[in-house]
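[1] structure of the sequence below:
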Amino acid sequence: MKHKALGFIGAGNMASSLVGGLVADGYPARNIWVSDVDEAKLDALSLKFGVNVTGDNRRIAGLAEILVLAVKPQILRGVAEGMADVVGGTRPLVLSIAAGVGEAAIDRWLGGGHAVVRCMPNTPALVKTSATALHANDKTTAAQRSEAESILRAVGLTVWVEREEALDAVTAISGSGPAYFFLLMEALENAAAGLGLDPETARLLVQQTALGAARIAMESEEGPAQLRHRVTSPNGTTECAVGIFESRGLRDIVAEAVSAAHGRAIQMARELGAE
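    This is a model prediction of the structure:
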């Protein structure tokens, strides 16, 4: 990909992760611009990665060929409308990593007629293992889709969804998903403590087990059901534990929880994208 002028509006954790991943992949720091109201965040990014920083969103909008909206969803409208006249002249490819805000609303706030790609990364972007789903509006060209994917691949895996509405499901699965796994890890650590293991030992064992299970799942051609059966010996300890999970309705609990997250994602999209 040609190293275009890349501008980030917002310097939070996700933007910082993307900047770090891009620079590590060879994207020239001199071609990256970041704006934020927090000078300390900007100074840290400049010092660590050598990127250009400013407190002026409109300056970024005037420079960027690719513009990444990385602010909180609740303030995105004001930020977008505040630079709409500038973006209307420069016509950059617009990437949004703000959860819950639809492409139509973003395009409308920016003045209309823009190529907009919504991206739903998750927090493992902080360690370059994000799972990101993308959807592009009909103004986005094939070349722009490729550019968007290249940027998000700097922090992990990327997939495209055919319908924008699918991003609500993505939010419920991978967007919120790390917290589900952290909850299970927390529960396992507490159970280990109840069995007499010291906290440090319990945490290391749980973390390495989670990492190992994820790696096996990623590298295997078998699905999780088959992998689970492989480590579940008849009448063994694993079968005993799994039997408790099944009898207490773990699958139903997961389905209900994910459905609730999905419903909330839809509700947020309606609230945040209202006229």
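
[2] only C-alpha atoms for contact and neighbour calcs from this point on.
    Noted.

[3] can you give me the separation between the residue nearest in space to the middle of the chain and Leu76?
    For the chain, the residue nearest the mean C-alpha position is Pro121 (1.5 Å; Cα atoms, centre = their mean). Separation of Pro121 from Leu76 (Cα to Cα, to the nearest Å): 17 Å.

[4] now swap in Arg30 and tell me
    In terms of Cα to Cα, Arg30 sits 26 Å off from Leu76.

[5] quick one, which of those two is more surrounded?
    More crowded of Arg30 and Leu76, by other Cα atoms under 10 Å: Leu76, with 22 against 14.

[6] name the element that one belongs to?
    helix 73-81 (DSSP states H and E).

[7] ok, and what's touching that helix?
    57, 69, 98-101, 106, 109-111, 272 (Cα atoms under 8 Å, 6 or more residues apart in numbering).

[8] quick one: which of those residues is nearest to Glu239?
    For those, the minimum distance to Glu239 (Cα to Cα) is 39.0 Å, reached by Ala99.

[9] average model confidence for stretch 190-209?
    Averaging pLDDT along stretch 190-209 yields 97.

[10] show me where pLDDT drops low in the stretch 1-150 of the chain?
    1 (pLDDT under 70).

[11] mind listing the helices for it?
    13-24, 39-49, 57-63, 73-81, 84-90, 103-109, 142-152 (DSSP state H, counting those that start in this stretch).

[12] what is the longest one packed up against?
    Applying 3 or more Cα pairs under 8 Å, 6 or more residues apart in numbering; DSSP states H and E, one finds that helix 13-24 contacts helix 39-49, helix 142-152.

[13] right, and the residue nearest to the centre of the chain touches Thr129 too?
    No. Using Cα atoms under 8 Å, Pro121 is not in contact with Thr129; the gap is 9.8 Å.

[14] ok, Pro224 - how many residues close by?
    15.

[15] OK, contacts around the residue nearest to it when sequence neighbours are not counted?
    Spatial nearest neighbour of Pro224, excluding adjacent residues (Cα to Cα, 6 or more residues apart in numbering): Ala217 at 6.8 Å. Counting by Cα under 8 Å, 6+ apart, Ala217 makes contact with 223-224, 227.

[16] from Gly112, how far out is Ala217?
    On the measure of Cα to Cα, Ala217 and Gly112 end up 43 Å apart.

[17] same question, Glu186
    Remark: distance between Glu186 and Gly112 (Cα to Cα) = 46 Å.

[18] which residues sit against the strand ranked longest in the chain?
    When the chain is parsed with DSSP state E, its longest strand is strand 130-136. Residues outside strand 130-136 that contact it (Cα under 8 Å, 6+ apart) are 115-125, 145, 149, 152, 155-164, 167, 170, 174.

[19] in PDB, list the C-alpha atoms belonging to it.
    The C-alpha coordinates for strand 130-136 follow below in PDB (Å, rounded to 0.1, in the frame of the first residue of the first chain):
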ATOM      1  CA  SER A 130      -7.100  -7.900  17.700                       C
ATOM      2  CA  ALA A 131     -10.100  -9.500  15.900                       C
ATOM      3  CA  THR A 132     -11.500  -6.800  13.700                       C
ATOM      4  CA  ALA A 133     -14.600  -6.900  11.500                       C
ATOM      5  CA  LEU A 134     -15.100  -4.300   8.800                       C
ATOM      6  CA  HIS A 135     -17.900  -3.000   6.600                       C
ATOM      7  CA  ALA A 136     -17.700  -0.400   3.800                       C
END
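
[20] so it versus helix 142-152, what angle?
    If you take axes from the mean of the first three to the mean of the last three Cα atoms, to 10 degrees, strand 130-136 sits at 160 degrees to helix 142-152.
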